[in-house]
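# Need coordinates for the below:
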Amino acid sequence: MNTNFRAIPSTDSVLQSSTGQAAVQRFGHQQTIAHIRALLEQERDAVRQNGKLRDAETLGALVLGNLEATSQAALRPVFNLTGTVLHTNLGRALLAEEAVEAVIAAMRAPVALEYDLAKGQRGERDDHLRALICELTGAEDATVVNNNAAAVLLVLNTLAGHGGGAIVSRGELVEIGGAFRMPDIMAQAGARLIEVGTTNRTHEKDYRAALEQENVALLLRVHTSNYRIEGFTSAVPAAILARLARSSGIPLVNDLGSGTLVDLSRWGIKREPTVREAIAEGCDLVTFSGDKLLGGPQAGFIIGKKELIAAINRNPMKRALRIDKMRMAALEATLKLYRNPDRLAQHLPTLRLLARSHEDIATLARHMQPAVAAALGPACKVSIIDCASQIGSGALPLDMLASAGLALCPIKGTGAALEQLATRLRQLPIPVIGRITEGALVLDLRCLEDEAGFIANLAGFSNVRLI
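This is a model prediction of the structure:
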């Protein structure tokens, strides 16, 4: 036993091996030594169990491999072939190149984030976006926070934060991703929920009755972007709610959720109410997201009456919810693209992917099928299929986009083989994320623009034996 222990390479011999030295050069002496000691402990266990020992060079290679694995970024790029364009779990909107360049510039140098260059004194970070947002929406004033849930929270806390009543239709008490519910947000904001109407029908008289209660602070309209009630339904238009709110001396707040600055129907996508239209209908405040249909980074916009925006900006919570210089830069660059709507789809990835035609995607599928089949090997059948994409992130949940893709089916198909195939694709240098449906792993190609990069990535796929 003692003889076998003496056969274990020393820490220094592993450190001085060529692979050990490579590990030191890349990851430093301290990390390399720690990993060497952990492996040598495994060698001692091997001696105790009469296992085979490894030489110093082999151990050095293992150390280098372990360090490379642990140094890999946790936030990794992936190929989104799920068919959901704005996939919350995959980061939602892809930024336009103009926005990416603006973020890089903001990261590389000091910027005048809260500095007024004209006056040579402290400024406001909202000044970089205020005029631009107002130009695009017709609002009097605007402010920005880190997401739309934060925008709603801040508005409610400012206007009804001490038990003030917030009137909202029962049909608009939505739950958004991650089990965040509108009633819970209202409670955390300190507002008192006043429900009116029923799930499917709410009338003007319901709002009028609620307005007779004591200490009503606002009317709240919530766009039900993540579900739809059809059939025997009734809702009160925003213009009528605005008139009711004005007559009662309280503001109308319209939470648009996804929000869009342009009419999407010109690109063949179902029309959504625009932010400008919400302002024109008489809403005093409008909240919406920056990273959904707008196609920018995660952010929440609050736009509307100047005096209300000023009150919101005085709320101490605003500082906790503000955005940093990178997102500020990305938002400014994204919003500027909307000044030229005729070229918007050329520059904005979200709109480009949503507007992509079925014919274009089907052509891509036919072109890719032979290369994908060759990479996956004979154990997997690769077929061209028609499928349906969705916008995602709660936007237009019932409206599907005609798409095409590849259906991957293990020849000896079992559920376990399909899961193994999906796992193997997720283990590629750039993970490939599809969706399992109807006995196949479907790769919807709507969001694939780098065909060559995708095929090259598949070179890392070994012809594993599927269960």
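# can you list the weak-confidence ranges in the protein?
1-3, 176-179, 225-231, 394-398, 413, 462-467 (pLDDT under 70).
# so where's the longest strand in it?
Longest strand in the chain, counting residues (DSSP state E): strand 395-410.
# In that one, which residues are buried?
Neighbour-count burial for strand 395-410, counted by 16 or more other C-beta atoms under 10 Å, picks out 395, 396, 401, 403, 404, 405, 406, 407, 408, 409, 410. Quick note: C-beta positions are derived from backbone N, CA and C, even for glycine.
# Out of these, the closest to residue 326 would be?
residue 395 (24.3 Å; C-beta to C-beta).
# Please enumerate the strands of the stretch 201-350 of the chain.
Here the stretch 201-350 of the chain has its strands, by DSSP state E, counting those that start in this stretch, at 216-222, 252-257, 285-289, 300-304.
# Return the distance of the last one from the chain's centre.
By that I understand strand 300-304. Put simply, strand 300-304 sits 19 Å off its chain's centre (C-alpha atoms, centre = their mean, to the nearest Å).
# Now do that strand: which elements does it pack against?
helix 127-137, strand 141-145, helix 148-160, helix 275-280, strand 285-289, helix 306-314 (3 or more C-beta pairs under 8 Å, 6 or more residues apart in numbering; DSSP states H and E).
# Tell me which of these is the most buried.
strand 285-289 (a mean of 28; mean count of other C-beta atoms under 10 Å).
# what about the helices and strands packed on strand 300-304, which gets the closest to residue 256?
Of all the helices and strands packed on strand 300-304, strand 285-289 comes closest under C-beta to C-beta, at 4.2 Å.
# domain ranges for the protein?
2-71, 79-88+353-460, 97-345 (automatic domain parsing).
# can you tell me the distance between the two ends of the second one?
The first and final residues of domain 79-88+353-460 sit 14 Å from each other (C-alpha to C-alpha, to the nearest Å).
# so how many other residues sit close to residue 351?
Close neighbours of residue 351, defined as other C-beta atoms under 10 Å, add up to 25.
# Check residue 164 too.
Neighbour number of residue 164 under other C-beta under 10 Å is 19.
# Repeat that for residue 68.
Counted with other C-beta under 10 Å, residue 68 comes out at 12.
# can you give me the strands for the stretch 351-467 of the chain?
380-392, 395-410, 432-433, 435-437, 440-444.
# err, the stretch 51-200 of the chain, not the other one
Using DSSP E, counting those that start in this stretch, strands in the stretch 51-200 of the chain cover 79-80, 115-116, 121-122, 141-145, 165-169, 175-176, 180-181, 192-196.
# Looking at those, which one is packed in the most?
By mean count of other C-beta under 10 Å, the strands of the stretch 51-200 of the chain have strand 165-169 as the most buried, with a mean of 25.
# Let me know the angle separating that strand from strand 252-257.
Strand 165-169 and strand 252-257 are oriented at 50 degrees to each other (axes from the mean of the first three to the mean of the last three C-alpha atoms, to 10 degrees).
# For residue 203, find the nearest of the strands of the stretch 201-350 of the chain.
Nearest to residue 203, of the strands of the stretch 201-350 of the chain and by C-beta to C-beta, is strand 216-222 at 14.1 Å.
# Show me what the closest one is packed against.
Using 3+ C-beta pairs under 8 Å, 6+ apart, strand 216-222 sits against helix 148-160, strand 165-169, helix 238-248, strand 252-257.
# Tally up the residues packed near the nearest residue to residue 79 once chain neighbours are set aside, please.
Leaving aside its sequence neighbours, residue 79 sits nearest to residue 432 (C-beta to C-beta, 6 or more residues apart in numbering; 4.7 Å). Number of residues near residue 432 (other C-beta under 10 Å) recorded here: 21.
# same deal with residue 232?
Neighbours around residue 232, by other C-beta under 10 Å: 7.
# Next up, the contacts around it.
200, 201 (C-beta atoms under 8 Å, 6 or more residues apart in numbering).
# hmm, back to that, nearest to residue 355, of the buried residues of strand 395-410?
residue 401 (9.1 Å).
# Show me what that closest one bridges to in the sheet.
residue 389 (DSSP bridges).
# Quick check, it in contact with residue 392.
No. Look at residue 401 against residue 392 with C-beta atoms under 8 Å: they stay out of range, at 10.5 Å.
# hmm, back to that, turn the strands of the stretch 201-350 of the chain into JSON lines, columns for distance to residue 349.
As requested, the strands of the stretch 201-350 of the chain are exported to JSON lines (distance: least, C-beta to C-beta, whole Å):
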{"stretch": "strand 216-222", "distance to residue 349": "28"}
{"stretch": "strand 252-257", "distance to residue 349": "20"}
{"stretch": "strand 285-289", "distance to residue 349": "16"}
{"stretch": "strand 300-304", "distance to residue 349": "20"}
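# Count the residues that sit near residue 46.
15.
# Looks like it contacts residue 39 (just checking).
No. Here residue 46 lies out of contact with residue 39, judged by C-beta under 8 Å, at a distance of 10.4 Å.
# Identify whichever of the strands of the stretch 201-350 of the chain lies nearest to residue 360.
Short answer: strand 285-289, nearest of these by C-beta to C-beta, at 27.6 Å.
# Relative to the whole chain's centre, how far out is the closest one?
18 Å.
# Can I get that strand in PDB, CA atoms only?
Taking C-alpha atoms only, strand 285-289 is exported to PDB below (Å, rounded to 0.1, in the frame of the first residue of the first chain):
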ATOM      1  CA  LEU A 285     -50.000  58.000 -17.600                       C
ATOM      2  CA  VAL A 286     -49.000  55.100 -19.800                       C
ATOM      3  CA  THR A 287     -46.500  52.300 -18.800                       C
ATOM      4  CA  PHE A 288     -44.900  49.800 -21.200                       C
ATOM      5  CA  SER A 289     -41.800  47.600 -21.700                       C
END
